[in-house]
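> predicted model and sequence below, questions to follow.
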Amino acid sequence: MNLQFPDLTPVMPELFMTALALILLCTELLVKKKGILAALSILGVVVVAYTLIGSSGTTFGGMFVSDGYSTFFKVIFFVNAILSVLISIKYIAIERVNFGEYYSLILISTLGMMIMASAADLIVLYLGLELMALSTYVLAGFIRYDIKSNEAALKYFLLGAFSSAFLLYGISMIYGLTGTTDIKSIALYISEKGLTENPALSLSMILFAVAFGFKIAAVPFHMWAPDAYEGAPTSITAFMSVGPKAAGFAVLGRVFMIAFASIKLEWVAVFIPLSILSMAVGNIVAIAQTNIKRMLAYSSIAHAGYALLGIIAANNEGLASMMSYLMIYAFMNIGAFAVVIMLRSEDFKGDSISDYEGLSRAHPLLAALMLIFMFSLTGIPPTAGFMAKLYVFMSAINAGYTWLVVVAVVFAVISAYFYLRIIMYMYMREPKVEVSLSTSPSLGLALGVTTVAVLAIGVFPLYLVELARAAISGF
Amino acid sequence: MLPELFFAYFAVTIVLFSIFVVTARNPVHSVLWMLLLFFHIAGLYLFLNAEFIAAIQIIIYAGAILVLYLFVVFLLNLREELKIYRFIGGWPSGLTFGIALLAVIILSIRSFIAAPPGKYSINLIREETHTKALAKLLYTDYLFPFEIISVILLVAIVGVIVLAKRRLKT
């Protein structure tokens, strides 16, 4: 038996990430100051990001592919991980869950996302998804003595397991049809044998759409999101509203654009109602929320609806706009969560929308930052959120879905109500409660980075969009 | 005819037992139904000529995991159920969706065309023996997924330890 040693260059970032998580697990025993662990994990992620350079290629018999598409998504995951760690340091100390494993779990979850983005085989895809999801379930229930955190973890876990069952059913069905789990071979077999008309193939495609719909929290598979986002530690809410969603979009793009390329019309017809429903339910239900984490959960459901427009366009331009949307979303959403975290102090929860009343009087700088993030989430120029929406809408119009973009714009206008309501509360109401901020240098750094990114991308969007287009070119 | 009957028996009982597992009031009964369920799944594996997996199913799932699970259920004093008011309607809507999904699956699965079988035919496996064939595959073609699973198991261990830790004082 000749065992050929696989080429490890394409998986270098993943190997480094695993090593980093393991090193952190061990240093946790020796180092008493948790800040060092956070610094180590941020530095480590930067090193891992550096190993992305020159990692392109395919390995493990075509199961793992590192291309521009996966690299772009990995950068989103790194941004997500670094910013989440930055906003966590003080917060988990306040919540008294300052355990070292927290950082390892964030890194392992990121590792799962990286594997998902690079998966060229359905088995690898499934395992990456489980790796990401399992660590996120634990993180969601990290505040063990808090019943809401328990609820968040349990609901996320049960519905996540439920969606995994759908994914496995879809995988087994397509394996039975084509005899392979390799994404490219599936596409080849389907077009060779003329399976395009087969209803079993459509059923498999729908099962995939359901499973990924759960991960990106698209309506009607969003039921877990508000409870999970509200109960989870706020830093983890920020983490899981960006990372798993982006990873879900990454696999969505790869599986549907390659494996199901021959039944494009069918899956576009599945995603159009999903997108409209996500925008409708997300934006309308968000109006009724009184808890800011819940409101941002519904907002994240709505944003999944907008980003789906890029998938619906079903071409490289659409995918590139979806990718830049997710990158921008990472910055603006984590920025908003950083503000929410700042309001949390020892004896003050600060997650109710009414806590923002009159915030501009006592803390004008924080109110101004929140204003920028809310403008960006609404999509008002000159912030990045506007550019994100603009490119997604443009790609959908170019693909011939003008009516869908009209619907999306109507819902974007509705969304202005609840985003701008926070600004109205901050600037036009009298403060009712005295809010003391829990500031820390790392939180300040996270806010600085996200603000600069949101404004810079808003003013010079072309760099990011060109980057996304270049990344997709070899897809 | 006989294989179909055999399969039908296992398929129907597996579905029935899984319903019993989730509806049993007593957690110990629930675990015991699960034990029966695992035995039947092992039967299905045998039916597919996968003797090694059937044995593993019984030794690991039924033998090790479930017994451990039973200990946990005994240790937790689950006399009283925690009841929380629910505001979303129960089974009628779920049943409707379930039946609709079943109908869609039955309708579309009828046109299912199986792909030609791969190189691991029953005869080849009989020659090579199960353990060897499986091990060879796991350490060559499926090396990467195999390594990912090791990280997943690590997450499970870390997660259990984290969730069982004491609350910090400061």
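Great, that's in hand. Numbering: from 1, shown residues only, chains lettered A, B, ... in the order given.
> what's the neighbour count on A:Met132?
Number of residues near A:Met132 (other C-beta atoms under 10 Å in any protein chain shown) recorded here: 29. Yep, even glycine has a C-beta here, placed from its N, CA and C like the rest.
> how about the helices of chain B, start to end?
B:2-23, B:27-47, B:51-56, B:66-75, B:91-109, B:122-128, B:130-139, B:143-163 (DSSP state H).
> right, is the second one up against chain A?
In other words, helix B:27-47. No: judged by C-beta under 8 Å from any C-beta of the partner chain, helix B:27-47 and chain A are separated, with a smallest distance of 13.7 Å.
> now do that helix: everything it contacts.
B:3, B:6-7, B:10-11, B:13-14, B:17-18, B:20-22, B:24, B:51, B:53-55, B:57-58, B:61-62, B:66, B:69-70, B:73-74, B:78 (C-beta atoms under 8 Å, 6 or more residues apart in numbering or on different chains).
> out of those, which are buried?
Buried members of the contacts of helix B:27-47, scored by 16 or more other C-beta atoms under 10 Å in any protein chain shown, are B:10, B:14, B:17, B:20-21, B:51, B:53-54, B:57-58, B:61-62, B:66, B:69-70.
> and the furthest pair within the residues you listed?
By the measure C-beta to C-beta, B:Phe20 and B:Glu51 form the most distant pair in the buried ones among the contacts of helix B:27-47, at 27.4 Å.
> quick one, phi/psi of B:Lys165?
Main-chain dihedrals, B:Lys165, degrees, to the nearest 10: phi -70, psi 160.
> ok, now how distant is it from chain A?
Distance, B:Lys165 to chain A, by C-beta to the nearest C-beta, to the nearest Å: 6 Å.
> so what's that residue up against?
Counting by C-beta under 8 Å, 6+ apart, B:Lys165 has contacts A:Phe99, A:Arg144.
> quick one: contacts for the nearest residue to A:Ser436 once chain neighbours are set aside?
Leaving aside its sequence neighbours, A:Ser436 sits nearest to A:Ser345 (C-beta to C-beta, 6 or more residues apart in numbering or on different chains; 5.5 Å). A:Ser345 makes contact with A:Ile94, A:Ser436, A:Leu437, A:Ser438 under the criterion C-beta under 8 Å, 6+ apart.
> between the buried ones among the contacts of helix B:27-47, which is nearest A:Asp355?
Among the buried ones among the contacts of helix B:27-47, and counting by C-beta to C-beta, the member closest to A:Asp355 is B:Tyr69, at 43.6 Å.
> list the contacts for the closest one?
With C-beta under 8 Å, 6+ apart, B:Tyr69 has these contacts: B:Val31, B:Met34.
> same thing with A:Phe77?
So A:Phe77 contacts A:Thr110, A:Met113, A:Met114, A:Ala117, A:Gly243, A:Ala246, A:Ala247 (C-beta under 8 Å, 6+ apart).
> what do you get for B:Ala64?
So B:Ala64 contacts nothing (C-beta under 8 Å, 6+ apart).
> may I have the phi/psi pair for the closest residue to chain B within the stretch 151-300 of chain A?
Proximity to chain B, evaluated over the stretch 151-300 of chain A using C-beta to the nearest C-beta, is greatest for A:Gly179 at 3.1 Å. Per-residue torsions, A:Gly179: phi 70, psi 20 (degrees, to the nearest 10).
> three-state assignment of A:Val65?
strand (DSSP: H, G, I helix; E, B strand; the rest coil).
> wait, it sits on A:Ala120?
Yes: if you go by C-beta atoms under 8 Å, A:Val65 and A:Ala120 touch, sitting 4.2 Å apart.
> any common contacting residues for the two?
By C-beta under 8 Å, 6+ apart, the residues touching both A:Val65 and A:Ala120 are A:Thr58.
> okay if I get the helices of chain B as JSON lines plus mean pLDDT?
Shown next, in JSON lines, are these (pLDDT from 0 to 100):
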{"stretch": "helix B:2-23", "mean pLDDT": "92"}
{"stretch": "helix B:27-47", "mean pLDDT": "91"}
{"stretch": "helix B:51-56", "mean pLDDT": "90"}
{"stretch": "helix B:66-75", "mean pLDDT": "86"}
{"stretch": "helix B:91-109", "mean pLDDT": "88"}
{"stretch": "helix B:122-128", "mean pLDDT": "84"}
{"stretch": "helix B:130-139", "mean pLDDT": "88"}
{"stretch": "helix B:143-163", "mean pLDDT": "93"}
